[in-house]
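1. 3D, please:
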Amino acid sequence: MSRDSHTAGRGGERGSGRNAERSAGSARSAPWLAAATLWRREIVRFLREPSRVASAAVTPLLFWGLIGSGFSGAFRLPGEGGAADAGDAATGFLEYFYPGTLLLILLFAAIFSTISLIEDRREGFLQGVLAAPVPRLAVVAGKVAGGATLAWLQAAPILLLAPLAGVPWSAASLAAAAGVMVLVAVELAAVGVVFAWRTSSVQGFHAVMNLLLIPLWLLSGAFFPISAAPGWLAAVMRVNPLTFALAALRGALYSAAPATEAAATGLPALAPALLVTGALAVAAFGLAVVVARPPRVT
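-> You can find the predicted model right below:
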């Protein structure tokens, strides 16, 4: 065999090796690229729908202002004195209701952003994604990240209204609350993916979510404190997953006086609330991955 043939053979082997290395690198990066692509698609889809953007900005403010003002005259935290005038009472309930409004924004924004999963299945896009050589983990991660990002982006501007609500804020407390909102948004988006993956219609998804989410939010301490509820209802509220999410959010906002805040509302303290919320977020994401796995062929 000639020298040129040996050189060509060695060159071909080196070329094949480089191609194999590039293919292996592409395979390793493909899951993250798929997740990032699905995340970006959720953001772009939201920004291209002006009605969703306007609704996300205006509806929570109306909800907080109207309901907060309407219940202002009848609200007192347990242990508070009754000598406050009407203006102080109104400010008091608007302040109390403010973290619950943030939780409501995160709840509905994260859950209902996962409706896109049902729409993608109906349009055939999801089938194409699932046929690609990427793990289901990447698909779930992209959908959860997209829903959580949209929820956080919708709630973050309302967080800046803390001074208007009467919350004793600081830069550190707002930053801590923003971090807690990320954790809660991931948890809720993962729950939304679990239900959307197993639901065949948007109408059915709406029905199940409304039946499940409204009671969970009402019994989280967002609308009335656990300390003011009857014994049996307070027991239900204490095991409600959203109670811990609200407790973490309120604890971050009121980080300057956590003991006073917990005693007045009956909510768990910040540290256990964060631990439970983090554990629930991991569990919800893991359940979403399990639900998204293809059925075994026997």
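2. For Asn240, give me the backbone phi and psi.
-> For Asn240, the backbone dihedrals are phi -70, psi 130 (criterion: degrees, to the nearest 10).
3. Show the model's pLDDT score for Ser220.
-> Listed pLDDT for Ser220 reads 91.
4. hang on, isn't it packed against Gly100?
-> Yes: with contact defined as CB atoms under 8 Å, Ser220 counts as touching Gly100 (7.3 Å). To be clear about C-beta, it is placed using only N, CA and C from the backbone, and glycine gets the same treatment.
5. what's the distance between the residue positioned nearest the centre of the chain and Val236?
-> Nearest residue to the geometric centre of the chain (CA atoms, centre = their mean): Ala185, 1.5 Å. Remark: distance between Ala185 and Val236 (CB to CB, to the nearest Å) = 24 Å.
6. Where does the residue nearest to the centre of the chain sit, in terms of helix or strand?
-> If you go by DSSP states H and E, Ala185 is part of helix 171-197.
7. which helices and strands sit right next to whichever helix or strand comes after that helix?
-> Going down the chain from helix 171-197, the next helix or strand is helix 202-218, by DSSP H and E. In terms of contacts (3 or more CB pairs under 8 Å, 6 or more residues apart in numbering; DSSP states H and E), helix 202-218 is packed against helix 86-113, helix 115-123, helix 171-197, helix 241-253.
8. Need those in JSON lines (columns: distance to Ala138 and mean pLDDT).
-> Output for the helices and strands packed on helix 202-218, formatted as JSON lines (distance: least, CB to CB, whole Å; pLDDT from 0 to 100):
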{"stretch": "helix 86-113", "distance to Ala138": "18", "mean pLDDT": "77"}
{"stretch": "helix 115-123", "distance to Ala138": "14", "mean pLDDT": "87"}
{"stretch": "helix 171-197", "distance to Ala138": "13", "mean pLDDT": "93"}
{"stretch": "helix 241-253", "distance to Ala138": "26", "mean pLDDT": "93"}
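9. looking at those, which is buried most?
-> Per-stretch averages of neighbours, counted by mean count of other CB atoms under 10 Å, single out helix 241-253 among the helices and strands packed on helix 202-218, with a mean of 26.
10. Quick one: list the elements packing against that helix.
-> If you count contacts as 3+ CB pairs under 8 Å, 6+ apart, helix 241-253 packs onto helix 86-113, helix 171-197, helix 202-218, helix 258-265, helix 270-292.
11. among these, which is nearest Ala228?
-> Nearest of the helices and strands packed on helix 241-253 to Ala228, taken as CB to CB: helix 258-265 at 9.0 Å.
12. Export the helices and strands packed on helix 202-218 as CSV, with columns for distance to Ile158.
-> Below are the helices and strands packed on helix 202-218 laid out as CSV (distance: least, CB to CB, whole Å):
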stretch, distance to Ile158
helix 86-113, 6
helix 115-123, 22
helix 171-197, 10
helix 241-253, 12
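13. Looks like the residue nearest to the centre of the chain contacts Gln154 (just checking).
-> No: shown here, Ala185 and Gln154 do not form a contact pair, counting by CB under 8 Å, at 9.5 Å.
14. shared neighbours of those two, which are they?
-> Applying CB atoms under 8 Å, 6 or more residues apart in numbering, one finds that Ala185 and Gln154 are jointly contacted by 106, 109.
15. Per-residue pLDDT of Ser29, please?
-> Per-residue confidence (pLDDT) for Ser29: 51.
16. just to revisit the earlier point, could you tell me which residues touch both of Ser220 and Gly100?
-> Residues touching both Ser220 and Gly100 (CB under 8 Å, 6+ apart): Leu246.
17. Could you list the low-pLDDT ranges of the chain?
-> 1-29, 56-57, 68-91, 256-264, 294-298 (pLDDT under 70).
18. Buried residues, whichever strand or helix holds Gly128. List them.
-> Taking DSSP H and E as the criterion, Gly128 maps to helix 125-131. By 16 or more other CB atoms under 10 Å, the buried positions in helix 125-131 come out as 126, 129.
19. Can you tell me what sits against it?
-> Taking CB under 8 Å, 6+ apart as the rule, helix 125-131 contacts 34, 38, 117, 120-121, 136, 139, 294.
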